[in-house]
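Novice: I need the structure of the sequence given here:
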Amino acid sequence: MPVITLRYDRLKSLIKGRLSTKELVDRIPYLGVTLEEATDEFIKIEYNPNRPDFSTSYGIARHMNGLLGFERGAPSYAIEKGKVKIIVDESTRSVRPFVVGFIGKGINLGDELIEEVISMQEDLHNGIGRHRRKMSIGIHNFDVLRPPIKYTTVPPDFGFVPLGQKEEMSMGEILSKTDVGREYGHIVSSFSRYPLLTDSLGSVLSFPPIINGELTRLTSATRNLLIEITATDLLAAEDALAIMAATLHDAGAKIESVRVKSSSSIRTTPDMSLQNMQVNRKLTNNLLGLRLTDREVSECLKKSRISVALKAGKLIALIPRYRADILHQVDLVEEIAYGYGFERLSPTLPTSKKPGRPDGNLSLIGLVRNSMIGFGYIELMNYSLTSQKVLYELTDRRPKALIRVENPKSIEYEVLRDVLFPSLLMTLSKNLHEEYPQRIFEVSKVFEKDASAPNSIREVYHLATAISHSEANYTEAKSILSSLFLQVFNMNIDTVPAHHPSFTSGRVAKIKLAKRNIGVIGEVSPLVLENFRLRNPISVFEVDLNKVIFIAERKT
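Specialist: Prediction:
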């Protein structure tokens, strides 16, 4: 989670009303941030990455002014029509196709502001930009440039003086010899030509997403800025640009638009127009347990810096462009809750007089857990998300209909699990140094595509176990499996020889209960052991607990 430092004197100067330091510290958590540290001069706060506009004191002050009642509704941003063009070459389309930007004029760049802007830039890179892969930001001294700006590609032997260096380096050398090149070079290294921004004289602004040129370095004397963002995702670029524009506007800059011209379109950026979303008052009151009127809902939204309009008898939220996190009606409900004030919410007892009781199925699953612990196994709680490599490639399984995460932050968490045992193997591979025998299990949900289920995804509880030591075998796993079913369900299981790519041929079987297939048991194949770099034999079984419970209920 990103952490920023806020100095009291700076933050107080940005808040319209008068607050003591104690009042300021007391009110900060009501923004939905976590207070990490408070000293006599500053506080450190941790904010949720879904609020990248909180990455500077300007964003914090902007929202506090609303919640404290000093300002109401969406801020207004006057964007003046600029004359600067960015001309996009067709060769960028296959590398990093999108670019947007604006000019910020008349800004007073003190050391504190430079520090804040650079910190915000990195937070945006890591959040919206997914570590610069989706988008990266360049901040330049505009006064040393001669427009129009050209966005093109060049071969790896093209040279310029990168930021922080005194000598010219080729782009290939930048990727191999600089820290930033080694960290982010993988984003562009597979291409035969690299993206580049220059002015009309050929002076280099930036080698995105790696490094700026030394020519456009910022100093305390810089007064006019060019902000450019290159991206593989246009929406991510526009989201980040809106946050940058709002911040620099609040810092005193005059924002001028930039025209981005390609062979297929001409786009003017930034677009700071308000976004519209209908307000659902019934949903709001149901979720918050309140009875707010339309007028009260409007006031709450205005305190959260969202304007409200009435159209055809319906409330329409007018959302500032920098609020890229508001995507759904529930997001608006959350903003209404902030505007209302969480401190005003009172807990109430449910209206029903009937007492609650544990879900029967979960009680049985709890008995399964307790039994496995009684057999001497250690319980794991892995993430439901994993990588396609672990789930299929390392286990030698054929991919099914994958349930993928859109824009995953890491390839380690890109798909939902359809089985559990690959996660157990991964855990064992990371604990080779621990004492043997190792006996582990996990009870968790797996996910399958099902058109008849909510959101077309069916969630099913599975149990998976793994035994690892020098003599681990099928017989040991089956003895635990049989004991578990007798102890918890008072039922006997059958095993039928089968084939499974993850297990050794002749040492794998389907698990059957009342003639229904409920899982698999076997010894992990040498190939899979080698893929996970495991040294000892491993025996595994995995069962579908939902099927087991269904069969057990029918029997009773």
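Novice: Can you report how many residues lie near I187?
Specialist: For I187, the neighbour count with other C-beta atoms under 10 Å is 22. Where C-beta positions appear, they are placed from N, C-alpha and C, glycine not excepted.
Novice: Phi and psi next, for it.
Specialist: phi -70, psi -30 (degrees, to the nearest 10).
Novice: Wait, it touches P195, no?
Specialist: No: look at I187 against P195 with C-beta atoms under 8 Å: they stay out of range, at 9.9 Å.
Novice: Tell me if G104 really is in a strand.
Specialist: Yes: checked against DSSP: H, G, I helix; E, B strand; the rest coil, G104 lies within a strand.
Novice: for it, what are its contacts?
Specialist: 224-227, 245, 248-249, 253-256 (C-beta atoms under 8 Å, 6 or more residues apart in numbering).
Novice: What about the residues you listed, which are in helices?
Specialist: Within the contacts of G104, residues falling in helices by DSSP state H are 245, 248-249.
Novice: on that earlier part again, for L362, state which of the contacts of G104 is nearest.
Specialist: Nearest to L362 among those: A245, at 49.7 Å, using C-beta to C-beta.
Novice: Next up, the contacts around the residue nearest to that closest one when sequence neighbours are not counted.
Specialist: With sequence-adjacent residues excluded and distances taken as C-beta to C-beta, 6 or more residues apart in numbering, A245 is closest to P270, at 4.7 Å. For P270, the contacting residues are 79, 100, 102, 238, 241-242, 245, 255, 257, 321, by C-beta under 8 Å, 6+ apart.
Novice: picking that back up, return the closest of the contacts of G104 with respect to K134.
Specialist: I227 (16.8 Å).
Novice: my read: the closest one touches I137, true?
Specialist: Yes: here I227 reaches I137: they are 6.9 Å apart, a contact under C-beta under 8 Å.
Novice: Give me the common contacts of the two.
Specialist: Common neighbours of I227 and I137 (C-beta under 8 Å, 6+ apart) are M244.
Novice: Could you point out which of the ones in helices among the contacts of G104 is nearest to L218?
Specialist: Using C-beta to C-beta, those come closest to L218 at L248, 12.4 Å.
Novice: if I read this right, the closest one contacts I107, doesn't it?
Specialist: Yes: judged on C-beta under 8 Å, L248 makes contact with I107 at a distance of 6.4 Å.
Novice: Could you tell me which residues touch both of these two?
Specialist: Common neighbours of L248 and I107 (C-beta under 8 Å, 6+ apart) are L225.
Novice: between the two, which one's more packed in?
Specialist: Set side by side, L248 and I107 show more neighbours around L248, with 25 against 18, by other C-beta under 10 Å.
Novice: if I look at the closest residue to that one other than its chain neighbours, how far off is G82?
Specialist: Spatial nearest neighbour of L248, chain neighbours left out: G104 (4.4 Å); criterion: C-beta to C-beta, 6+ apart. Separation of G104 from G82 (C-beta to C-beta, to the nearest Å): 10 Å.
Novice: in the helix or strand of the chain with the lowest mean pLDDT, what's buried?
Specialist: In the chain, no helix or strand scores lower on mean pLDDT, DSSP states H and E than helix 545-555, which sits at a mean of 86. Burial within helix 545-555, assessed by neighbour count using 16 or more other C-beta atoms under 10 Å, is assigned to 545-552.
Novice: one step back: roughly how far apart are the residue nearest to L248 and L327?
Specialist: Distance, G104 to L327, by C-beta to C-beta: 28 Å.
Novice: I43 contacts L35, doesn't it?
Specialist: Yes: under the criterion of C-beta under 8 Å, I43 makes contact with L35 at 6.4 Å.
Novice: Look at those two and report which has more neighbours.
Specialist: The neighbour comparison of I43 against L35 (other C-beta under 10 Å) goes to I43, with 20 against 13.
Novice: Mind checking what secondary structure the closest residue to the more buried one other than its chain neighbours has?
Specialist: Distances taken as C-beta to C-beta, 6+ apart place L6 nearest to I43, at 5.3 Å, with adjacent residues excluded. Three-state call for L6 (three-state DSSP): strand.
Novice: check contacts around L6.
Specialist: If a contact means C-beta under 8 Å, 6+ apart, then L6 has 42-45, 57, 60 as its contacts.
Novice: my guess is I266 contacts R259, does it?
Specialist: Yes: here I266 reaches R259: they are 6.1 Å apart, a contact under C-beta under 8 Å.
Novice: quick one, which of the two is more surrounded?
Specialist: R259 (17 against 9).
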